[in-house]
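Participant: predicted model and sequence follow; I will ask about them next.
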Amino acid sequence: MDQNLKIILSGGGTMGSVVPLLAVRDIMLAQGQKVEFLWVGTEAGVEKELISKEMNFKSIQSGKLRRYFSWQNFLDPLRLIIGIFQSLALIRSFRPNLITVAFDSLLKSFDPNKVRLVGNPVRPRMLAGDKARGMTIFNLIPELTTLVVMGGSLGAEKINELLFQAIPSLIESCQIIHVVGKGKMVEWSDKEKFGELAKRYHPYEYVNQEMPDLYAVADLIVCRAGLATLSELSALKKPAIIIPIPRNQQVANADYFAKQNAVILLNQESVTSEEFIETVLGLLSSAGSLSNLSRRISEVMIADAGEKFVEVVKKIVQP
């Protein structure tokens with residue numbers, strides 16, 4: 001493999017489809033591979049801002065499946081057609097001859113001669129968090145347990161709402177790091193009446209470079225069920241309460257983990273603040289429960305998925 005490789009990475013719309021591809025890129029570069037990457041995404045996707053800083057980025061037209069009326073629905077078929085031709089122009093003679101999957105349950109959906117089970121890649125830097133450094137960065141108290149609440153790259157109103165209602169009950173037992181999402185920051189209007197306890201609540205609009213250290217300080221995480229996030233939780237053995245976006249692929253992701261008792265699953269459409277508080281406090285007060293979740297979630301996903309993925313790529317391109 002002395003010749004330079006040219007690899008197209010394509011994904012976007014959510015960070016869940018972006019992060020695993022970045023993991024593959026990072027691992028190949030760390031191994032000293034001579035690779036030129038081109039990322040193909042969408043102009044309006046969350047991926048553009050991140051990817052364009054790291055590699056060559058080309059955008060194509062794309063449609064969106066909306067479950068509500070919008071005049072944009074009439075334009076999306078045209079965008080989709082344009083996107084297809086843009087894609088063909090970009091890849092030209094490129095012909096994929098392998099598919100990789102993250103779960104063994106998906107193997108039966110493909111030609112057994114053309115599929116490999118490799119898991120879902122995790123960026124190496126996510127595994128390099130430092131708890132002591134994180135304690136300093138987020139101004140935490142070492143003696144307290146730490147709850148980390150994340151609503152996703154764009155924030156999640158329902159999760160934020162649940163937490164805002166729960167803060168007074170939770171800060172008596174733990175400290176909270178709350179990633180509210182860009183543009184979602186809300187002032188805690190009555191925090192003065194909680195005195196010193198109010199300092200146990202730490203809101204952040206967005207966390208990027210500090211994400212590995214955020215994972216490192218977390219004793220329990222509340223988050224969505226994007227596959228990239230679940231893969232990181234599995235690799236880091238982090239106990240988690242999962243609240244998937246309703247009527248979304250996240251529901252299937254969450255169900256897969258919940259059926260293996262690897263996460264605590266809450267339904268966004270039915271969960272109450274009382275149930276949320278009871279679930280969080282129940283877990284934080286039980287070291288055994290946290291330990292069991294940690295062990296079980298680590299067993300769900302294949303370890304070293306990124307390295308396995310790269311090995312598959314290397315075998316394909318061998319001259």
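Facilitator: Cool, got the structure.
Participant: chain center to stretch 239-246, what's the gap?
Facilitator: 11 Å (C-alpha atoms, centre = their mean, to the nearest Å).
Participant: residues of that stretch that come out buried?
Facilitator: For stretch 239-246, the neighbour count (16 or more other C-beta atoms under 10 Å) marks 239, 240, 241, 242, 243, 244, 245 as buried. (C-beta placed from N, C-alpha, C; glycine too.)
Participant: and what of stretch 247-259?
Facilitator: So, applying 16+ other C-beta under 10 Å, buried residues of stretch 247-259: 250, 251, 253, 254, 256, 257, 258.
Participant: stretch 181-199 now?
Facilitator: Across stretch 181-199, burial judged by 16+ other C-beta under 10 Å covers 181, 184, 194.
Participant: out of these, flag the one nearest to residue 149.
Facilitator: residue 181 (10.9 Å; C-beta to C-beta).
Participant: just to revisit the earlier point, of the buried residues of stretch 247-259, which belong to strands?
Facilitator: Among the buried residues of stretch 247-259, no residue falls in strands (DSSP state E).
Participant: shouldn't residue 146 be within a strand?
Facilitator: Yes - looking at residue 146 with DSSP: H, G, I helix; E, B strand; the rest coil, it is inside a strand.
Participant: surely it touches residue 222?
Facilitator: No - assessed by C-beta atoms under 8 Å, residue 146 is found out of contact with residue 222, at 11.8 Å.
Participant: low-confidence ranges in the stretch 101-250 of the chain?
Facilitator: Scanning the stretch 101-250 of the chain for pLDDT under 70 picks out 101-118, 152-155.
Participant: could you check how far residue 242 is from residue 290?
Facilitator: 15 Å (C-beta to C-beta, to the nearest Å).
Participant: the one helix or strand residue 135 maps to - contacts with which helices or strands?
Facilitator: Applying DSSP states H and E as the criterion places residue 135 in helix 131-137. Contacts defined by 3 or more C-beta pairs under 8 Å, 6 or more residues apart in numbering; DSSP states H and E place helix 131-137 against helix 211-217.
Participant: ok, and what's touching the helix it packs on?
Facilitator: Under the contact criterion C-beta atoms under 8 Å, 6 or more residues apart in numbering, helix 211-217 has outside partners 125-131, 133-135, 137-138, 140, 146, 148, 177, 179, 207, 221, 232, 236, 238.
Participant: and those, which are buried?
Facilitator: Buried subset of these (neighbour count, 16+ other C-beta under 10 Å): 126, 129, 134-135, 137-138, 140, 146, 148, 177, 179, 207, 221, 232, 236, 238.
Participant: for those, which one is nearest residue 156?
Facilitator: Distances from residue 156 to the buried ones among the contacts of helix 211-217, taken by C-beta to C-beta, are shortest for residue 179, at 9.8 Å.
Participant: residues in contact with that closest one?
Facilitator: Residue 179 is in contact with 148, 149, 150, 151, 155, 204, 205, 206, 207, 214, counting by C-beta under 8 Å, 6+ apart.
Participant: what does residue 235 give?
Facilitator: 122, 126, 127, 298, 301, 303.
Participant: from these, which is closest to residue 227?
Facilitator: Using C-beta to C-beta, residue 301 is the member of those that lies nearest residue 227, at 9.4 Å.
Participant: quick one: secondary structure of the closest residue to that closest one other than its chain neighbours?
Facilitator: Distances taken as C-beta to C-beta, 6 or more residues apart in numbering put residue 234 closest to residue 301, at 3.9 Å, once the chain neighbours are dropped. Of the three states, residue 234 takes helix under three-state DSSP.
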